[in-house]
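*Asks:* Below: sequence and its predicted model.
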Amino acid sequence: MCKTNVLLLNIAVDKSNVSLGFTQSWINEFSKHYDFVDVVTLKKVDDLKLENVKLYGLTSSDSPKKINKIIKLRKIVRELTSQKKYNLVFSHMSPILLIIAKLFNKSKSSLHVLWYTHPMPDSFIKKLILYISLFFSDKVVTASNTSFPINSQKVSQIGHAIDYEKFYLKRSQISISKLLILSRISKSKNIDFIIEEFLSSQLNHLTLDIIGDCLTSKDSEYKKFLENKYAKNENINFIGKIDHQNLSSILKNYDVHISATTEGFYDKSVLETMANGIINFYCNSDYSKHFSKEYQEILQFKMVKNSLTKQLNKLNSKEISFLSTMVDEIQKSANKESLNSLIDRINDSIQS
């Protein structure tokens, strides 16, 4: 039988990373479907204990100079592709690695696929890299209708890939007592908007926790602004980051999650909390496919004053039996974007 090989490219193999800790579950899923999986990463922190998986890439001991990093990555790709023919080269959120692989992959018959879900980068260089990676890609897969910022016939929307079985929780009792924002601390997440709307609602006597941390200096400035602004609100708590591997056990303590990200941000945190049986309020209409019209009228809000407040008040008036039925239906919908079906969805998009 012919062996199947995949060259998997990503930003980090680091289970403690607040944004990318989940990537190890993707690697594990690829290992179930391919005979050999070689992983090249921009940040190698953890080892992978999978028999058919080998890990390569940049470590903290490597030169910080970008040109030196590119030279090392080029060498890794050339050596791997000279030794092995890859059926698929799959780049997860790393346009630059897709470009390097396309340029220096000695096996020209490999199919090059980019996974990318994010708004258009701010800097000219990053925009240029994304456009070049689109040109070099045979296919681009993304999570939602608005999560890839360039229109192209190469792009397919396949949803996310959450570890549904890990996050699923059968709620024996539905209550509204503790709220959550599960998000990177960033202006793009509109956290101050959520807090203001929450404090204006009938639920303002409850606790609202913010789980997540900063990635940039601007994020840190925003976090300080939030902490100072709401220092006197004892029911507003900034928890900080939680390792992704521990997140599912923490979520069971919460009843409501709020996401105020707009189009372009289709965050997996919404799907993970949905799987956990948490009621979700959302702004981005990309999530509407998971909710019947009846539930959309309660859970979807707009980025205008009092919109979220009004929706929170609606929830406060609903019977427990109604909430239980809603949670059950939403959990079933989240299962459509389970990790278990990731490879099938990728393959379907490639063949379409």
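*Replies:* Good, I have the coordinates.

*Asks:* could you pull out the helices for this protein?
*Replies:* 23-33, 66-83, 95-104, 124-136, 164-167, 191-199, 217-229, 244-251, 268-275, 293-299, 307-316, 320-334, 342-351 (DSSP state H).

*Asks:* For the nearest residue to Asn280 once chain neighbours are set aside, give me its contacts.
*Replies:* Take Asn280 and drop its neighbours on the chain: the residue closest to it by Cβ to Cβ, 6 or more residues apart in numbering is His257, 5.0 Å away. For glycine as for every other residue, the C-beta is placed from the backbone atoms N, C-alpha and C. Contacts of His257 were listed using Cβ atoms under 8 Å, 6 or more residues apart in numbering, and they are Leu179, Leu180, Ile181, Leu182, Ser269, Val270, Thr273, Ile278, Ile279, Asn280, Phe281.

*Asks:* Out of those residues, which sit inside strands?
*Replies:* Leu179, Leu180, Ile181, Leu182, Ile279, Asn280, Phe281 (DSSP state E).

*Asks:* still on that earlier bit, and the helices of the chain: which comes nearest Leu111?
*Replies:* Ranking these by proximity to Leu111 (Cβ to Cβ) places helix 342-351 first, at 6.6 Å.

*Asks:* For Lys318, state which of the ones in strands among the contacts of His257 is nearest.
*Replies:* Ile279 (9.6 Å).

*Asks:* Check the gap between the closest one and Lys108 for me.
*Replies:* Counting by Cβ to Cβ, to the nearest Å, the gap from Ile279 to Lys108 is 50 Å.

*Asks:* Pick out whichever of those two has more residues nearby.
*Replies:* Ile279 (23 against 7; other Cβ atoms under 10 Å).

*Asks:* Quick check: nearest residue in space to that one, chain neighbours excluded?
*Replies:* Ile279 sits nearest to Val256 (Cβ to Cβ, 6+ apart), 4.9 Å away.

*Asks:* do the same with Ile236
*Replies:* That would be Tyr230: by Cβ to Cβ, 6+ apart, it lies 4.4 Å from Ile236.

*Asks:* picking that back up, got the contacts of His257 as TSV, with pLDDT columns?
*Replies:* Shown next, in TSV, are the contacts of His257 (pLDDT from 0 to 100):
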residue	pLDDT
Leu179	98
Leu180	97
Ile181	97
Leu182	96
Ser269	91
Val270	94
Thr273	97
Ile278	96
Ile279	96
Asn280	96
Phe281	97
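
*Asks:* Geometric centre of this protein: which residue is closest?
*Replies:* Lys268 (4.2 Å; Cα atoms, centre = their mean).

*Asks:* Need the nearest residue in space to it, chain neighbours excluded.
*Replies:* His160 is the one closest to Lys268 (Cβ to Cβ, 6+ apart), at 4.5 Å.

*Asks:* How much space separates that neighbour from Asp62?
*Replies:* 31 Å.

*Asks:* Looking at these two, which is more packed in?
*Replies:* His160 (24 against 14).

*Asks:* contacting residues around that one?
*Replies:* His160 touches Thr117, Ala143, Tyr266, Lys268, Leu271, Glu337, counting by Cβ under 8 Å, 6+ apart.

*Asks:* That concludes my questions; thank you for your assistance.
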